[in-house]
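Peer 1: Only the shape, not the letters, is given here:
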């Protein structure tokens, strides 16, 4: 069983930056695809970034591309999401998720989830 613990969410002004971290335990981190999803009130959960086990394949949503960077440290069992040029529309609960097997970005394929961390961007 994989446990995920997110940190780093907070209130930030538009244009600011944040780095989220997700520490994994209980599994084999170097075999896990890792992803960051977000969900705003009344919206569906969406994948904003994902990375494969080796760190060689990535996905970014259209809204994240050019502003967000996902990376992982397999020695620390941690995945990060660096978010720059934040906008009010980035306000959401951000979830870390993990998946063994083939790389995918669909919500339904991710078995392991963290509790989420709130990111609020003020205008």
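Peer 2: Okay, I see it. Here the structure is a predicted model, which is why all the values come from computation and not from measurement.
Peer 1: and the gap between residue 60 and residue 79?
Peer 2: Per C-beta to C-beta, to the nearest Å, residue 60 is found 14 Å from residue 79. Glycine gets a C-beta too; all of them are placed from N, C-alpha and C.
Peer 1: er, residue 12 actually
Peer 2: 20 Å.
Peer 1: Between the two, which is the more surrounded one?
Peer 2: Between residue 12 and residue 79, residue 79 has the larger neighbour count (other C-beta atoms under 10 Å), namely 30 against 17.
Peer 1: any idea which element the spatially most central residue of the chain lies in?
Peer 2: Nearest to the geometric centre of the chain sits residue 36, at 2.0 Å (C-alpha atoms, centre = their mean). In the assignment (DSSP states H and E), residue 36 maps to strand 32-39.
Peer 1: what stretches of the protein score poorly on pLDDT?
Peer 2: Regions of the chain meeting the criterion pLDDT under 70 are absent.
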